[in-house]
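A.B. asks: Got a sequence here, can you build the structure:
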Amino acid sequence: MKASLKKICASLGADGLVALWLGVWWVCNLVQAGFSELANDEAYYHMFAENLAWGYFDHPPMTALLIWLGEHLFGGELGVRFFFTVLQPLYLYILWRIIRPADADRGDAALYVVLSAATLMLQLYGFIAVPDGPLMMTAALFLLTFKWFSEKRRWGWLWMGIAMALMAYSKYHGALVVLFALAANPRLLLRPALYVSGAVAVLLLVPHFMWQYEHDWASFAYHLAGRNSVFRPGYVAEYLLNLLVVFNPFFVPLYVRAWIAVKPQDAVGRALKFLPVAFIVFFLITTFRGYVQPQWVIVAVFGLLYTLFTYARRHPRTRRYLMRAGWVTIALVALVRLEMIFNPLGIRFEVFDNRTSYGRIAEIAAGRPVVFRHGYAVAAKYAFYTGAEAYCQPNVRYRTHQWQFRDDDSRFTGREVLVETPYDPSDTTGRVHSVVLPNGKRFTWLDDPHFHPTRLVDISFTGLPGRVAAGDTLRLSLRIANPYPFRIELGGDRSLVMLWKHGRFRVEEFDTGERFIIPAEEEIVRDVEFVVPAQLAGADFDAGFALRREGYTNWFNGKPLRTEVIAQ
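C.D. replies: Coordinates of the predicted model:
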């Protein structure tokens, strides 16, 4: 058999050899997908797939669709990840066909596969179920159709329009791929067919735009403003350090040399060369408004592989170094992959100890639903590994998420539930309980014998100017609509608070002291006076109201209004 395999390999040309080794890589990813536990975000996206839609709070629908399809073939982690493992060999083969020289030989095929396999970013995102896999696949299709379009092939504009729509349905970063490819080839902006291609993409995206409209453009608001935070120098340093790691520190100096040396002669080559610099600089700038995750620049991998491969195949010394460093990297990656499956080092991380940890919570819950505090992915992971009922409360001190579009908490009305609450070692009431889970995390909860949510209560108000001064007395008129079939009494442990939120993490909360009853399924009007505290001066805020209950989290009940607070 061994001799037979050698004979087959010896008979293959460059294209066949690339396909063969990408197939071997796919089998490795398939094994990894089936035997590694889910990361937090994967469980969150699995929750998306439970209700297919044209959009979701964080992302477009492609990830949910692929998970849904995989689960109809397999169960468990493999079902969640199956189609994501399929995508990687496909998009790497497409890239090979784009950048493949006319005189490519078996040595070129080996160089390309080793460079790809030694790129750490590709190793991780070759099997986990996150939007970056579909983005890479559709970006590769876009680059291929962009090549056709630039060469004025028949129907190239149509296929490029479809590819752009598929990118948008995969991840919103796809818009950057289009913009940067055109920026590298400004002459293409003069071609009318480009705008027809764009019209095709927009037409195909109408269902997604309709979903966004029906959900107040939630995704766009979140990605354009909701992720904003204060500037921290550590964000810049960590971003640059992450890039050094995920692109392989053995290769980074040669990436720079290759990028300078390679002079592409066609449109797709210019686009590929421009992508790494454009993505890296763009997200470097965004570190000034918050934390940047390293995978956001993953499409830059295409340009880095193109320039490094093109350069190295012409320089034997560089090729030898890359092949040796690449094999060393692949060997180290193999050890990490084994750790992810068997965890012989006993590392505590989100891909380990999920069944035992969430099983422990399920034992405590004993069939009761669990309402998690702010771990939107943790709630999804609990549901995945136990099959039990769960919900995650939107938390104004963290962020909102896809759970806000689900009414699981309404189904828990009147039932006894476990509510995750902050850990307080000084608590002596006996109302709060706590346990350390096998994954090392602490789970703290209280029992609510008659759960009554207030999340859907809508509080709209008037009387807030666009600018106020510290010390001003605001006279606000509140219109409060209760959609629930039970009345809500404000007093005791439930109160009406005014929230002032600046950026992503600063939240100031003030109890209005109001005490009244909101009748079931009715709307009431209430006037409230509020004195603007001095501590708010010097910043702008989203201000609004919420129904707060001790031990629970909340978001705004209704839409907040924007205002600026100045000093008196």
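A.B. asks: okay, now residue 62: neighbour count?
C.D. replies: Using other CB atoms under 10 Å, residue 62 has 20 neighbouring residues. C-betas here are computed from N, CA, C, even on glycine.
A.B. asks: got any ranges where the stretch 151-300 of the chain has weak pLDDT?
C.D. replies: For the stretch 151-300 of the chain, applying pLDDT under 70 flags the ranges 226-230.
A.B. asks: Mind doing that once more with 90?
C.D. replies: Scanning the stretch 151-300 of the chain for pLDDT under 90 picks out 220-234, 288-291.
A.B. asks: quick one, helices of it?
C.D. replies: Remark: helices of the stretch 151-300 of the chain, listed N- to C-terminal, are 156-170, 174-183, 192-204, 206-214, 218-221, 233-246, 252-261, 267-286, 300-312; assignment by DSSP state H, counting those that start in this stretch.
A.B. asks: Repeat that for the stretch 301-450 of the chain.
C.D. replies: Using DSSP H, counting those that start in this stretch, the helices of the stretch 301-450 of the chain run over 316-342, 354-365, 376-386, 408-411.
A.B. asks: any idea which of those helices is most buried?
C.D. replies: Counting by mean count of other CB atoms under 10 Å, helix 376-386 has the highest mean neighbour count of the helices of the stretch 301-450 of the chain, with a mean of 24.
A.B. asks: Count the neighbours of the residue nearest to residue 549 when sequence neighbours are not counted for me.
C.D. replies: The spatial neighbour of residue 549 that comes closest, neighbours along the chain excluded (CB to CB, 6 or more residues apart in numbering), is residue 494 at 4.7 Å. Burial measure for residue 494: 15 neighbouring residues, criterion other CB under 10 Å.
A.B. asks: Give the bridge partners for residue 494, please.
C.D. replies: Beta-bridge pairing for residue 494 (DSSP bridges): residue 491, residue 549.
A.B. asks: That one and residue 511 touch, don't they?
C.D. replies: No - between residue 494 and residue 511 there is no contact under CB atoms under 8 Å: 10.9 Å.
A.B. asks: shared neighbours, the two?
C.D. replies: residue 548 (CB atoms under 8 Å, 6 or more residues apart in numbering).
A.B. asks: Domain boundaries for this protein, per the record?
C.D. replies: Listed domain ranges for the chain are 2-35+74-342, 354-448, 458-566 (source: automatic domain parsing).
A.B. asks: can you list those in a markdown table and add distance to residue 41?
C.D. replies: Converted to a markdown table, these look like this (distance: least, CB to CB, whole Å):
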| stretch | distance to residue 41 |
| --- | --- |
| domain 2-35+74-342 | 6 |
| domain 354-448 | 6 |
| domain 458-566 | 18 |
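A.B. asks: out of those, nearest to residue 47?
C.D. replies: In terms of CB to CB, the element of the domains of the chain nearest to residue 47 is domain 354-448, at 4.0 Å.
A.B. asks: for that closest one, the distance to its chain's centre please.
C.D. replies: 22 Å (CA atoms, centre = their mean, to the nearest Å).
A.B. asks: what does the average pLDDT come to for that domain?
C.D. replies: Mean per-residue pLDDT for domain 354-448: 93.
A.B. asks: Please enumerate the helices of the stretch 1-150 of the chain.
C.D. replies: Taking DSSP H, counting those that start in this stretch as the criterion, the stretch 1-150 of the chain contains helices spanning 2-11, 14-35, 40-49, 62-71, 76-99, 106-117, 120-124, 132-150.
A.B. asks: So for residue 437, which of these sits nearest?
C.D. replies: So among the helices of the stretch 1-150 of the chain, helix 40-49 is nearest, using CB to CB, at 14.3 Å.
A.B. asks: hey, C-alpha coordinates of the closest one in PDB?
C.D. replies: Taking Å, rounded to 0.1, in the frame of the first residue of the first chain, the C-alpha atoms of helix 40-49 are listed here in PDB:
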ATOM      1  CA  ASN A  40     -17.500  29.800  23.500                       C
ATOM      2  CA  ASP A  41     -18.300  31.600  20.200                       C
ATOM      3  CA  GLU A  42     -19.000  28.300  18.400                       C
ATOM      4  CA  ALA A  43     -21.700  27.500  20.900                       C
ATOM      5  CA  TYR A  44     -23.100  31.000  20.500                       C
ATOM      6  CA  TYR A  45     -23.300  30.600  16.700                       C
ATOM      7  CA  HIS A  46     -24.900  27.200  17.200                       C
ATOM      8  CA  MET A  47     -27.600  29.000  19.100                       C
ATOM      9  CA  PHE A  48     -28.100  31.100  15.900                       C
ATOM     10  CA  ALA A  49     -28.700  27.900  13.900                       C
END
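A.B. asks: and that helix, what does it pack onto?
C.D. replies: On a contact count with 3 or more CB pairs under 8 Å, 6 or more residues apart in numbering; DSSP states H and E, helix 40-49 meets helix 62-71, helix 76-99, helix 376-386.
A.B. asks: I'd like the ones you listed as JSON lines, with distance to residue 115 appended.
C.D. replies: Output for the helices and strands packed on helix 40-49, formatted as JSON lines (distance: least, CB to CB, whole Å):
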{"stretch": "helix 62-71", "distance to residue 115": "26"}
{"stretch": "helix 76-99", "distance to residue 115": "10"}
{"stretch": "helix 376-386", "distance to residue 115": "33"}
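A.B. asks: Comparing these, which comes out most buried?
C.D. replies: With neighbours taken as mean count of other CB under 10 Å, these reach their highest mean count in helix 376-386, at a mean of 24.
A.B. asks: angle of it against helix 76-99?
C.D. replies: 120 degrees (axes from the mean of the first three to the mean of the last three CA atoms, to 10 degrees).
A.B. asks: Low-confidence ranges, the stretch 1-150 of the chain, go.
C.D. replies: In the stretch 1-150 of the chain, residues with pLDDT under 90: 1-12, 124.
A.B. asks: how about 80 then?
C.D. replies: Where the stretch 1-150 of the chain drops to pLDDT under 80, the residues are 1-11.
A.B. asks: Tell me the spatial nearest neighbour of residue 291, not counting adjacent residues.
C.D. replies: With CB to CB, 6+ apart as the criterion, residue 291 has its nearest non-adjacent residue at 5.3 Å, and that residue is residue 235.
A.B. asks: Hmm, I typed the wrong one, I wanted residue 252.
C.D. replies: In space, residue 252 comes closest to residue 244 once its chain neighbours are excluded; the distance is 5.9 Å by CB to CB, 6+ apart.
A.B. asks: again with residue 432
C.D. replies: Nearest residue to residue 432 in three dimensions, chain neighbours excluded: residue 446, at 5.2 Å (CB to CB, 6+ apart).
A.B. asks: residues contacting that neighbour?
C.D. replies: Residue 446 makes contacts with 418, 419, 421, 431, 432, 433, 551, as judged by CB under 8 Å, 6+ apart.
A.B. asks: Hmm, the second one is touching residue 449, no?
C.D. replies: No - using CB under 8 Å, residue 419 makes no contact with residue 449, being 10.9 Å away.
A.B. asks: Of those two, give the one with the bigger neighbour count.
C.D. replies: residue 419 (22 against 9).
A.B. asks: Distance-wise, check the more buried one relative to residue 393.
C.D. replies: 8 Å (CB to CB, to the nearest Å).
A.B. asks: any residues in contact with both of those two?
C.D. replies: When contacts are counted by CB under 8 Å, 6+ apart, residue 419 and residue 393 have 371, 373, 552 as shared neighbours.
A.B. asks: in the stretch 451-568 of the chain, which ranges drop under the pLDDT threshold?
C.D. replies: 504, 568.
A.B. asks: re the thing from before, make JSON lines out of the helices of the stretch 1-150 of the chain and add distance to residue 221.
C.D. replies: Below are the helices of the stretch 1-150 of the chain laid out as JSON lines (distance: least, CB to CB, whole Å):
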{"stretch": "helix 2-11", "distance to residue 221": "53"}
{"stretch": "helix 14-35", "distance to residue 221": "33"}
{"stretch": "helix 40-49", "distance to residue 221": "18"}
{"stretch": "helix 62-71", "distance to residue 221": "20"}
{"stretch": "helix 76-99", "distance to residue 221": "28"}
{"stretch": "helix 106-117", "distance to residue 221": "37"}
{"stretch": "helix 120-124", "distance to residue 221": "29"}
{"stretch": "helix 132-150", "distance to residue 221": "21"}
